[in-house]
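Peer 1: could you look at this predicted model? Sequence included:
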Amino acid sequence: MSRITFIIGGARSGKSAFALKEASPFKGKKAFIATAEAIDEEMRQRIENHRKQRGEGWITYEEPLKIADLVEDIKGKYSVILIDCLTLWLSNLLIRHQNTEHRTQTIEAEVKKLLGILSEFKTSSICALGSGFCLFIVSNEVGMGIVPENDLTRKFRDIAGFLNQKIAEIADEVYVVVAGIPIGVK
């Protein structure tokens, strides 16, 4: 069976660095799915810094919206795929569809598609340092703060909370990263 590792934590908690540290030793081709968009100069610089931290051992795919389709397309081509991060992906979906009539249905369909693909991984090849397939997924924990004051941010929190729970359920391993320290949860 393949291996899915879910890494969750607060903003700037060290979860991306931990994911890279865990995924880098694996042999074979590695794919990094970046969901962030370079919408301003500060974000462009962040993205560039992340690229440098990953090094040359990673093939980067920048996909802000259709990560389920991308994972489906590339899963047989890499021994490791790292998705960073689900909450940015959800933000992108919410912003793109915030003024559409079927916003919730569209986003829920993308979430359902991703969860379906991840469930299929449970029956694929063995993940080991020398062979198989491993998937690392990074997300922010958004449920530890106050109740958001408006509909859009409450919707984001609700969908992110649901998605994080479902990913954790599917995952073989779950880590919470706090102040740079990974804590094994599952």
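Peer 2: That came in fine, so what should we check first? Numbering: from 1, shown residues only.
Peer 1: quick check, residue 38 in a strand?
Peer 2: No: looking at residue 38 with DSSP: H, G, I helix; E, B strand; the rest coil, it is coil, so not inside a strand.
Peer 1: pLDDT value on residue 122, please?
Peer 2: According to the prediction, residue 122 has pLDDT 64.
Peer 1: wouldn't residue 133 be in contact with residue 5 here?
Peer 2: No: using Cβ atoms under 8 Å, residue 133 is not in contact with residue 5, being 11.9 Å away. C-beta: built from backbone N, CA, C; applies to glycine.
Peer 1: mind listing what's buried along the helix or strand of the chain with the lowest mean pLDDT?
Peer 2: One helix or strand of the chain scores below all others by mean pLDDT, DSSP states H and E: helix 41-54, with a mean of 86. The neighbour-count check on helix 41-54 (16 or more other Cβ atoms under 10 Å) flags 47, 50, 54 as buried.
Peer 1: tell me the helix or strand right after it.
Peer 2: strand 58-62 (DSSP states H and E).
Peer 1: who does that following strand touch, helix- and strand-wise?
Peer 2: Packed against strand 58-62, as judged by 3 or more Cβ pairs under 8 Å, 6 or more residues apart in numbering; DSSP states H and E, are the following elements: strand 30-34.
Peer 1: helix 41-54 and the strand it packs on, what's the angle between them?
Peer 2: 170 degrees (axes from the mean of the first three to the mean of the last three Cα atoms, to 10 degrees).
Peer 1: pull the residues that contact strand 30-34.
Peer 2: Applying Cβ atoms under 8 Å, 6 or more residues apart in numbering, the external contacts of strand 30-34 come out as 23-24, 47, 50, 54, 57-63, 67, 70-71, 74, 77-84.
Peer 1: partners of that strand, with directions?
Peer 2: strand 58-62 (parallel), strand 80-84 (parallel) (DSSP bridges).
Peer 1: flag every buried residue along that strand.
Peer 2: Buried-residue list, strand 30-34, by 16+ other Cβ under 10 Å: 30, 31, 32, 33, 34.
Peer 1: for stretch 102-115, same thing?
Peer 2: 103, 107, 110, 111, 113, 114, 115.
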